[in-house]
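J.: Here's my sequence, what's the structure:
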Amino acid sequence: MPDKNMRNDSPANAIAMPVPDRSGRSEAESARLADHFRLLLESAGEGIYSVDRQGRCTFINQTAAQMLGYKSQELLGQDMHALTHHSRPDGSPYPQQECPVWRAFQTGQGCQGDTEVLWRRDGTSFPVEYTCRPIVEDGEIRGTIVIFADITERKRTNKALTELQAAEEGRSLVMETARRVALDILSSQTGVEALRHIAEAARTLSGARYAALGVARPDGQGLLEFATVGLTPEEEAAIGPRPRGVGVLGLLLKRTEPLRIDRLGDHPASAGFPPNHPPMESFLGVPIRRGDTVLGSLYLTNKEGGGPFTEADEIAVQALGDYAAVAIHNLHMISRQRALVSGLIAAQEEERRAVAYDLHDGLTQFVMASHAHLEAFRRAYAAGNQAKAAREVEQGLQYLKEAVVESRRLVNGLRSLALDEMGLAGALEQLLAEEKQRAGWQSADLIHNIAGQRFDKTLETAVYRVAQEALTNTRKHAQAAAVRVLLLLQKEERPRAAQLVLEVRDWGCGFVPEEKIGENGRVGLQGMSERVSLMGGTYELHSAPDAGTTIRAVFPVLASPPQSKEGDDR
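T.: Here you go, the predicted model:
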């Protein structure tokens, strides 16, 4: 606020005035106590000021004056409401009679923990939490004392915390929604209905009686399934099984341009239709491709009115074929994603079960054992048995140390901190050393050519997790004495053709892979394969009884993260 509100007629400082002594103290002692009281108020970390019944400042400590942008002497005798409470946070006027400080005069009731906005000398404002109490002397309200604290940082911290909580809740909501959508796709979404709609649209657009859209096999040799429209249920039943790639249907898969036939019966490929199919005259077929990939075929028969299909029909149906290409591509993607999402969900549940088992069989046991020994220590100590008490507390502390080690192992299993600190090679070296110690392997070697190199975090995590799962399986099941981890960066002349090859081999008991990729032992092996697939890599598993096991994963190298001039500080 402008300094025009400042007045020079400052009343006497009520707190500084000697207080009539009713305790028998001398005037000097009372003055000394008043000085001590003033020193206490001046050294307080909160802002403190008092006003008389007219709202004029009778005392203000240095902390309050500094927060408001004034010197203490400048505020004595000034209207504190006009200087610091003149407007609300939104800029609207703040009537004095609505201010809690003023109400304390009227009702004798103070306030505590209220929030308010105070205005500084430079016209800026800041939030405060304040307490006000009426000053009562001889049963009469003489003024009000106000204590306030700047809560700007607290509000900023609370806002940041709220945003973090909202982000975490949003993340949880997104994860739950994604899980539900994935389960819904797995249970109901097939994509066939989209194909049927496209076939019906083509039939209506071209004026055909029959229409069918077929999905090609992955090798382009024949069809996997049909979506047919225009046939009655009786005709559908009479036709029976459809041919899967012979005659004119197979011919369409080998073409790049549409095929129009005025009289299908005259065409040598007409034998490709079932003998019980209703008589067909005119024919229009469109191959469906995505680039050089054959995805399927769309065909129509029996133009209404008995005439042949026209060039306009061909153009319209070919355009629909382009939409069909997208639908069939999505169908292929859905089919692959169904297996992938199913495996990922199963792997996630397996990881949760593994964490639960580790908590129950490891960390919880150590904590419970420590608790039992500490309870025994308490009883022995109370009974005066110092020797037993010492033994029990020592054993309890030992179990607590084991709990700390186990908790660190669990945390590292959830997210390898070594990856951030040491990079992929260093993290694998540490992992291999830990597994060697736990399993008692005679030898465990890491061979690599990536010393000091960093890769995309997603790639590093995927490689580390595959190696971790492979080593865990070896420790639990292989009964091996020796393990070797090979990690090689293979660079090609072509750009972006570099590959990171991970190979984990043991010379243990081995197994028959086909027997393990079933109900028992499926999730770990499948999880490794899916991690590699998600990165666009290839995965191989070779094992046989008494011949050991080799897991080989090849990852395409993603772009390396930018390096600072001072070096990688991750």
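
J.: so how far is Gln468 from Leu432?
T.: From Leu432 across to Gln468, the span is 10 Å (CB to CB, to the nearest Å). Using the backbone N, CA and C atoms, a C-beta is placed for each residue, glycine as well.

J.: now swap in Ala199 and tell me
T.: 49 Å.

J.: Looking at those two, which is more packed in?
T.: Set side by side, Ala199 and Gln468 show more neighbours around Ala199, with 26 against 20, by other CB atoms under 10 Å.

J.: For the helix or strand where the more buried one lies, enumerate the helices and strands it packs against.
T.: Under the criterion of DSSP states H and E, Ala199 resides in helix 192-206. Packing contacts for helix 192-206, counted by 3 or more CB pairs under 8 Å, 6 or more residues apart in numbering; DSSP states H and E, involve strand 208-216, strand 223-229, strand 293-303, helix 311-358.

J.: Could you tell me the least trusted of these?
T.: In terms of mean pLDDT, the lowest-scoring of the helices and strands packed on helix 192-206 is strand 223-229 (a mean of 65).

J.: Now for Leu541: which residues touch it?
T.: Taking CB atoms under 8 Å, 6 or more residues apart in numbering, we find Leu541 in contact with 513, 525, 529, 549-552.

J.: So what's the residue count around the residue lying closest to Gln386 once chain neighbours are set aside?
T.: Nearest residue to Gln386 in three dimensions, chain neighbours excluded: Ala380, at 7.8 Å (CB to CB, 6 or more residues apart in numbering). Other residues within reach of Ala380, judged by other CB under 10 Å, total 18.

J.: and if you look at the one 10 residues further on?
T.: A count of neighbours around Ala390, defined by other CB under 10 Å, yields 13.

J.: Can you read off the backbone torsions of it?
T.: phi -60, psi -40 (degrees, to the nearest 10).

J.: Mean pLDDT per helix and strand in this protein: which one sits at the bottom?
T.: One helix or strand of the chain scores below all others by mean pLDDT, DSSP states H and E: helix 152-187, with a mean of 56.

J.: how's the protein carved up into domains?
T.: The chain breaks down into these domains under automatic domain parsing: 3-150, 192-338, 419-556.

J.: ok, back up a step: helix or strand: which one has the residue nearest to Gln386?
T.: helix 364-383.

J.: can you pull the buried residues of the helix or strand where Ser533 lies?
T.: Counting by DSSP H and E, the element that carries Ser533 is helix 522-534. By neighbour count on 16 or more other CB atoms under 10 Å, the buried set for helix 522-534 is 523-533.

J.: With stretch 541-548 instead?
T.: In stretch 541-548, counting by 16+ other CB under 10 Å, buried: 541, 543, 548.

J.: Sitting in strands, which of those residues do you find?
T.: Secondary structure from DSSP state E places 541, 543 of these in strands.

J.: now the buried residues of stretch 541-548 in CSV, with distance to Lys388?
T.: As requested, the buried residues of stretch 541-548 are arranged in CSV below (distance: CB to CB, whole Å):
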residue, distance to Lys388
Leu541, 55
Ser543, 53
Gly548, 51
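
J.: Please narrow the contacts of Leu541 to those residing in helices.
T.: 513, 525, 529 (DSSP state H).

J.: And the contacts of the helix or strand hosting Ile288?
T.: Using DSSP H and E, Ile288 sits within strand 283-290. For strand 283-290, contacts defined as CB under 8 Å, 6+ apart pick out 206, 208, 213, 216, 248, 251-253, 255-261, 264, 267, 294-301, 303, 309, 313-314, 317-318, 320-321, 324-325, 328-329.

J.: Indicate each strand paired with it and its parallel or antiparallel sense.
T.: strand 259-261 (antiparallel), strand 293-303 (antiparallel) (DSSP bridges).

J.: Pick the most deeply packed of those.
T.: Highest mean neighbour count among these (mean count of other CB atoms under 10 Å): strand 293-303, with a mean of 24.

J.: now that one and helix 192-206, what's the angle there?
T.: Per axes from the mean of the first three to the mean of the last three CA atoms, to 10 degrees, the angle that strand 293-303 makes with helix 192-206 is 40 degrees.

J.: Strand 293-303 to strand 208-216, inter-axis angle?
T.: Going by the same axes, to 10 degrees, strand 293-303 makes 170 degrees with strand 208-216.

J.: Export strand 293-303 to CSV, keeping only CA atoms.
T.: Extracted C-alpha coordinates of strand 293-303, given in CSV (Å, rounded to 0.1, in the frame of the first residue of the first chain):
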residue,chain,number,x,y,z
THR,A,293,2.2,-58.3,-47.2
VAL,A,294,-0.9,-60.3,-48.3
LEU,A,295,-3.6,-59.9,-45.7
GLY,A,296,-6.7,-61.3,-47.3
SER,A,297,-9.3,-60.9,-50.0
LEU,A,298,-12.7,-59.3,-50.4
TYR,A,299,-15.1,-60.6,-53.1
LEU,A,300,-18.7,-60.0,-54.2
THR,A,301,-20.9,-61.9,-56.5
ASN,A,302,-24.2,-61.6,-58.4
LYS,A,303,-24.6,-58.0,-59.3
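
J.: what helices or strands is the helix or strand where Gln112 lies leaning on?
T.: Applying DSSP H and E as the criterion places Gln112 in strand 111-119. In terms of contacts (3+ CB pairs under 8 Å, 6+ apart), strand 111-119 is packed against helix 80-84, helix 100-107, strand 125-137.

J.: Tabulate the strands paired with strand 283-290 in TSV, adding columns for distance to Gln97.
T.: As requested, the strands paired with strand 283-290 are arranged in TSV below (distance: least, CB to CB, whole Å):
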stretch	distance to Gln97
strand 259-261	90
strand 293-303	79
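
J.: quick one, which of these is nearest to Gln62?
T.: strand 293-303 (79.4 Å; CB to CB).

J.: returning to that earlier point: ok, and for the strand holding Ile288, which residues are buried?
T.: 283-289.

J.: Closest to Gly110 out of those residues?
T.: Ile288 (80.8 Å).

J.: Let me know whether Arg53 touches Val136 as I believe.
T.: No - Arg53 is not in contact with Val136 according to CB atoms under 8 Å; the separation is 11.8 Å.

J.: Overlap of the contact sets of those two?
T.: Between them, Arg53 and Val136 share the contacting residues Arg142, judged by CB under 8 Å, 6+ apart.

J.: And those two? Which one has more around it.
T.: Using other CB under 10 Å, the more surrounded residue of Arg53 and Val136 is Arg53, with 14 against 11.

J.: State the distance from the more buried one to Gln106.
T.: For Arg53 relative to Gln106 (CB to CB), the value is 10 Å.

J.: Name the nearest residue to Thr549, ignoring sequence neighbours.
T.: Leaving aside its sequence neighbours, Thr549 sits nearest to Ser543 (CB to CB, 6+ apart; 4.0 Å).
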